[in-house]
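Visitor: Sequence and predicted structure are below.
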Amino acid sequence: MGRTNNEHYFLAGGGEMGEQIRAKDWSKTSLGDPENWPHSLQTMVTVMLHNPFGMYIAWGENYTQLYNDGFRPILGSSKHPQALGISSEITFSEIWEIIGPLFSDVRNGKAVSFPDFMVPLNRNGFTEECYFDFSYSPIRKEDGEVGGILVTVIETTEKKKATEALKESNARFMNNIMQAPVAMCVFRGKDYIVEIANKQMIELWGVQSEDVLSKSIFEALPETKNQYLEDVLEHVYRTGEKFTANEQLVQLPRKGQTENTYINFVYEALTEPDGSISGIVAIAIEVTGQVLARSKVIENEQKIRQLVENAPFPIAVYVGKEMRIELANESIINLWGKGNNVIGKSFKEVLPELDNQLVFEQIKNVLDTGKSFHTTNTPLDLTIEGKLQTHYFNYSLTPLYDINGTIYGVMNTGVDLTDLNVAKKKIEESDKRFRNTVKQAPIGISILRGPNYMVEMANEAYLKLVGREEAGFVGSPLFDSLPEVREAVNSLLEGVLKTGIPYHGYEVPIPLNRYGQEEEIFYFDFLYHPLKEENGEISGIIVTVTEVTEKVDTRKKTELNEERLNIIVEASELGTWELNVKTKDFQYSKRYIEIVTGNKNDLNLSHAQLVKHLHPDDLHIREKAFKEAFVSGYINYEARLIWEDQSIHWVEAKGKVFYDLEGQPEKLLGTVRDITEEKQYQQKIEESEKRFRNLVMKSPVPKAILKGSDLIIEMANVALLKNIWKRKESDVQGKKIFDVFPELKQQKYARLLSEVSKTGKVHSESESPIFIDSENGKQKFYIDFEYAPLNETDDTLSGIKITLIDVTEKVEARKKIEESEKRFRSLTESIPQLIWETDEKGNALFASGKWLEFTGIHPKGEEEWRSIIHPDDFEENARTWSHSLATGELYRCDVRIKSKSGDYRWHTAIGEPVLDKDNTIIKWVGAFTDIQTEKAFTHELEKQVAERTKELEKNNIDLEKMNKELQSFAYISSHDLQEPLRKIQTFATQIIERESKNLSEIGKDKFQRMQNAAQRMQTLINDLLSYSRTSTLERVFEKTDLSEIINEVKEDLREELEQKNATIDIIEGCELGVIPFQFRQLIYNLVSNSIKFSKPEIAPVIKIKCTIDKGKNFNYEVLSDNKEYCHISISDNGIGFDQQYNTKIFEVFQRLHGRELYNGTGIGLAIVKKIAENHNGFITAQGKPDEGACFDIYIPVT
């Protein structure tokens, strides 16, 4: 049976259209069942369903349609959803004459695209002009033929309409430029030709219109060419980015000479309908008067501000309930990360993220109560580079009083414990309409219409000045929104509206109620300029306004600066100093003396005396810092001091160079700060870091440390490099982890590392798959891992510690077990045995189908077992099973089990424990095998065995009698048979010795032969006795060192060894459980054989070697593979033997050589074989004629 649409991978996902495609019966269309769709069609359907852009497929000659959610709006409600699965010719019948030929071209393999293509479509019940970017691409089948068409569509209707509207807006904008009350002009092209410039701009330039219009600005005003303006214009023209500058110094020709002016201006790119940049609009307001007026105040405040700015810790002053920032040094500005343009702004505005963090409430409380506030190590969340991050501070809030004793502000001093700089989030404005360019000008601009002064437009700067929201201000009469200003400006506005004469106001006091707060007096420079229609009628007024409250207030606050300076210095705990470069006079504060000398008393020391406290090794640091100061204008260094008590202290010095009118250095002004504790703390941190790194590198667990946002591999220990990464340290050290392992980017590990960096939370997983590229290709591992953040002392995150454990073997082993388990359960259903499985405690886990088929119940517990096991067998079975559970031994028992029909049948139960890698029992597996037939046979067999046993007992009694008779025979042989032989030998010896003279030579020979025959007979009897004793004597095994037995044999055979000049080499000995006297006989017989069968001309060399090993490691098939044996090898360099006799030589009375050459009875080797068998061992022989023989004995080790 074929798969359903929901089962096809290429139809998965795709939102609403994905559901409709899966729900459609495609077998009723020309495409047929998706199962049979061409592979290329399946692939493109997958791409289409997962693409956010509009995509559409027309397949086959009928152009059968499929499309995604992005294409659905193009069809509209009149065509969707019926368009799915039908021909494109039907769906787009109204434009088929246009797109039909395009489809034919694509079917021929030609790709087509059309930008902003207008198509009249009826998709919402009426025909409308729609614009699209169309792309038609062929989809080829496996044989290379084009099977269908892929259409990618991006609708541009709205963009097209916007372009047309932009053209209309441009014309209106040009008219507004000419009537604007501020200087405005337009530069065209890359040469910046002055296309239009209003009266104010011409006056600002100080030239006549005809001197600049239709000319390059740098040709008309050559003075501006080298004033950086050319670079600014080029940047705006190239990038389209708006450029704004306030109080910018520009040199302009006025009254026949070049004059320095200060201008606020904006450059913004002019774009064409196609998006290309054709020119630049410029808006300018001259603020030279304000800048010069403020310069004197700035000069007076310079010394105070310089001291604050050089302070090594953050300082800021907030004024009023709105917490306006009046003063802030570089340290706190960098800390806020909001840029340098914060002075004059509300603290709440600059750091809104501090809302709900109690800071604003703390400042307000200091303003209200006059009580200072201090806190240490306090966490604050600040937005740095668009990311909210936690920082820690010690900071103080101190009230500031004016000359009347009234609290007017709060001084904020603090210490940043995080040492992180944050960047102020830049506010980008995206609206590029020309009208908004005016609205976003740096000065306040509004347009008032009619006698009621209806507010037609007000830019952001104007709304901020008056403290109103745009929604309630624009579209309302001016005095309805600002009733408090009527008295001050109504008559002025009426005069401009009636006479058409512009009005300029300078530092005019205006009462304002900003944002619902109490009414205050603010100061403004403003211009009321009449707005005339084409017929010359005055229809309104353009208002441009700049607040100069700061300039006015500055003049009033100059006398307070000295008092504030004293407050700041006392709060900062800094030592201050001033050095006159020309006279070398040196002035310093009491705190300076205390920091440099350690003496808290008032001292009058010269500059040279103070310098002597500097550590000799750091003098060059100070000298270098002073040299660089006269180049850069700033001094900054750290050095050691030696106090009067000879203790070493660290100091940080900062300062600035001030110059005279000729630009020559005049004096240095600066501060010093005791940083001894900071240095000591830093040293402890470095030592701790070193210990930590040593611990990581020596760890047997794979570990690594990644640093920074780029995840630089700072260190990786040997376990990680060798076992998992398979890299050298030099290949990874100091590199980004994703540069070394780019394959990790496509896996989850890149995302997890990013999350740990962002959240600072530990992440760990077990048995996680990971793919690593190596020289052998892509390798798959399974790992247990942990990503742990590395925090600095201030709890800021500086990196990530990685810990990995390779668990690939464990996972793969478990998978094999699971697969084996699956095969096991399948097997249980195919065999007749009743298969069962329990946990390690004996609780049932599984019973095969055969079990349930036979018994009819599931063996859950004791009650079920009692119901199926015969009562006479239950207790024994339970005891055996309990014993196995307790000891881990094999469970085996014969029991009668009742079938579901009620009959009992005999079964053999066998169960084996299943062990894990630690040899711990994890479960039991077993089977019950039906032995009913075997039991019946066994019963009959036992009956026969009983009868046979009686016969064996009778035979054993007879055998014992025979053994006794054999022992009697041995005694007779030993005593009665040898006694006549001894007499024969004795008499023969006496006759030869006493009657030798009376005997002929023949007689002597006969007596000698008789004596030799008697000797052979005695030897034969002794050997037969020895052979019989090997079977009859009691076998007592003792642990014996074979070397001792060999040495005893050497002692017994000393004369024979010396006679033949023979040597015995014991290459290796061992201990073995043997019957000592028998094994001594075995060694004796083999060694004496080697001596006996030696070559006459060569000294015998006998080598004896012992080794113990598993049977499978010896080349002898009769040995048990896993049983240990002692292998004794005895070899010689004698006459050897033919290998065909290697078994014959162990038979009784078998000889390979005649008695005339080698004496013996032929029983010695038979005795050796019998002794080996008495030890449950084996003996083999190998030999070659004239090359020696080797005997191999294998004795089981017990």
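Guide: Structure received. None of the values given here were measured: they were computed from a predicted structure. Residues are numbered from 1 along each chain as shown.

Visitor: residue ranges of the strands in the stretch 51-200 of the chain, please?
Guide: Under the criterion DSSP state E, counting those that start in this stretch, the stretch 51-200 of the chain contains strands at 54-59, 64-67, 112-122, 127-140, 146-155, 183-188, 193-197.

Visitor: Could you dump these into TSV with mean pLDDT and distance to residue 1183 added?
Guide: The way it works is simple: take the backbone N, C-alpha and C, and place the C-beta from them, glycine included. Formatted as TSV, the strands of the stretch 51-200 of the chain follow (pLDDT from 0 to 100; distance: least, C-beta to C-beta, whole Å):
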stretch	mean pLDDT	distance to residue 1183
strand 54-59	90	88
strand 64-67	93	90
strand 112-122	76	96
strand 127-140	84	82
strand 146-155	88	84
strand 183-188	91	117
strand 193-197	90	119
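
Visitor: okay, the ones you listed in a markdown table with distance to residue 161 and mean neighbour count next?
Guide: Formatted as a markdown table, the strands of the stretch 51-200 of the chain follow (distance: least, C-beta to C-beta, whole Å; neighbours: other C-beta atoms under 10 Å):
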| stretch | distance to residue 161 | mean neighbour count |
| --- | --- | --- |
| strand 54-59 | 19 | 24 |
| strand 64-67 | 25 | 24 |
| strand 112-122 | 11 | 14 |
| strand 127-140 | 8 | 16 |
| strand 146-155 | 11 | 20 |
| strand 183-188 | 25 | 22 |
| strand 193-197 | 26 | 20 |
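
Visitor: Mean confidence (pLDDT) on stretch 656-673, please.
Guide: The pLDDT scores in stretch 656-673 average 86.

Visitor: Now name the helix or strand holding residue 906.
Guide: Element membership for residue 906 (DSSP states H and E) is strand 904-915.

Visitor: Need the residues that contact that strand.
Guide: Counting by C-beta atoms under 8 Å, 6 or more residues apart in numbering, strand 904-915 makes contact with 834, 836, 840, 870, 877, 881, 884, 888, 890-899, 921-932, 934-935, all of which sit outside it.

Visitor: repeat for stretch 1099-1119
Guide: Against stretch 1099-1119 from outside (C-beta under 8 Å, 6+ apart): 1042, 1046, 1060-1070, 1072, 1083, 1087, 1090-1091, 1094, 1120-1134, 1178, 1180, 1192, 1194, 1197.

Visitor: So which of these sit within strands?
Guide: 1063-1068, 1072, 1124-1131, 1178, 1180, 1192, 1194 (DSSP state E).

Visitor: Just the buried ones among those residues, please.
Guide: When the ones in strands among the contacts of stretch 1099-1119 are checked for burial by 16 or more other C-beta atoms under 10 Å, the buried set is 1064, 1072, 1125-1131, 1178, 1180, 1192, 1194.

Visitor: what does the average pLDDT come to for the strand holding residue 906?
Guide: Rounded mean pLDDT across strand 904-915 is 88.

Visitor: Next, the angle from the next helix-or-strand element following that strand to strand 904-915.
Guide: Per DSSP H and E, the first helix or strand lying C-terminal to strand 904-915 is strand 921-930. Orientation check (axes from the mean of the first three to the mean of the last three C-alpha atoms, to 10 degrees): strand 921-930 against strand 904-915 gives 160 degrees.

Visitor: A strand includes residue 377, no?
Guide: Yes. Residue 377: assigned to a strand according to DSSP: H, G, I helix; E, B strand; the rest coil.

Visitor: Okay, helices next: where are they in the stretch 501-650 of the chain?
Guide: All helices of the stretch 501-650 of the chain, identified by DSSP state H, counting those that start in this stretch, fall at 549-557, 561-572, 590-597, 607-611, 619-632.

Visitor: And for the stretch 751-900 of the chain?
Guide: 808-828, 849-855, 862-868, 871-887.

Visitor: contacting residues around the last one?
Guide: Contacting residues not belonging to helix 871-887 are listed as 841-842, 865-866, 869, 889-896, 909, 911, 913, 924 [C-beta under 8 Å, 6+ apart].

Visitor: Would you mind checking those residues for buried ones?
Guide: Members of the contacts of helix 871-887 classed as buried by 16+ other C-beta under 10 Å are 865, 869, 891, 893-896, 909, 911, 913, 924.

Visitor: rewinding a little: mind checking which of the strands of the stretch 51-200 of the chain is nearest residue 856?
Guide: Residue 856 sits nearest to strand 64-67 of all the strands of the stretch 51-200 of the chain, at 57.3 Å, using C-beta to C-beta.

Visitor: re earlier: turn the helices of the stretch 501-650 of the chain into TSV, including mean neighbour count.
Guide: As requested, the helices of the stretch 501-650 of the chain are arranged in TSV below (neighbours: other C-beta atoms under 10 Å):
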stretch	mean neighbour count
helix 549-557	16
helix 561-572	16
helix 590-597	20
helix 607-611	13
helix 619-632	13
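
Visitor: Dump these to CSV, plus distance to residue 271 and mean pLDDT.
Guide: CSV is the format used below for the helices of the stretch 501-650 of the chain (distance: least, C-beta to C-beta, whole Å; pLDDT from 0 to 100):
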stretch, distance to residue 271, mean pLDDT
helix 549-557, 36, 78
helix 561-572, 49, 58
helix 590-597, 60, 84
helix 607-611, 63, 81
helix 619-632, 42, 88
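
Visitor: Could you export the ones you listed as JSON lines, including distance to residue 701?
Guide: Formatted as JSON lines, those follow (distance: least, C-beta to C-beta, whole Å):
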{"stretch": "helix 549-557", "distance to residue 701": "63"}
{"stretch": "helix 561-572", "distance to residue 701": "49"}
{"stretch": "helix 590-597", "distance to residue 701": "48"}
{"stretch": "helix 607-611", "distance to residue 701": "55"}
{"stretch": "helix 619-632", "distance to residue 701": "44"}
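
Visitor: how about those, which one is nearest residue 111?
Guide: That would be helix 619-632 among the helices of the stretch 501-650 of the chain, by C-beta to C-beta, at 60.6 Å.

Visitor: What number of residues are in the vicinity of residue 1042?
Guide: Here the number of neighbours of residue 1042 (other C-beta atoms under 10 Å) works out to 21.

Visitor: Likewise for residue 864?
Guide: 14.

Visitor: and it, what is it in contact with?
Guide: Residue 864 touches 857-858, counting by C-beta under 8 Å, 6+ apart.

Visitor: i'd like the first residue to be 659 from this point on
Guide: Noted, 659 is the first residue going forward, which turns the last one into residue 1522.

Visitor: Please point out which parts of stretch 1325-1345 sit buried.
Guide: 1325-1333, 1337.

Visitor: Could you save these as JSON lines and add columns showing distance to residue 826?
Guide: Shown next, in JSON lines, are the buried residues of stretch 1325-1345 (distance: C-beta to C-beta, whole Å):
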{"residue": "1325", "distance to residue 826": "63"}
{"residue": "1326", "distance to residue 826": "62"}
{"residue": "1327", "distance to residue 826": "60"}
{"residue": "1328", "distance to residue 826": "61"}
{"residue": "1329", "distance to residue 826": "61"}
{"residue": "1330", "distance to residue 826": "66"}
{"residue": "1331", "distance to residue 826": "64"}
{"residue": "1332", "distance to residue 826": "69"}
{"residue": "1333", "distance to residue 826": "66"}
{"residue": "1337", "distance to residue 826": "69"}
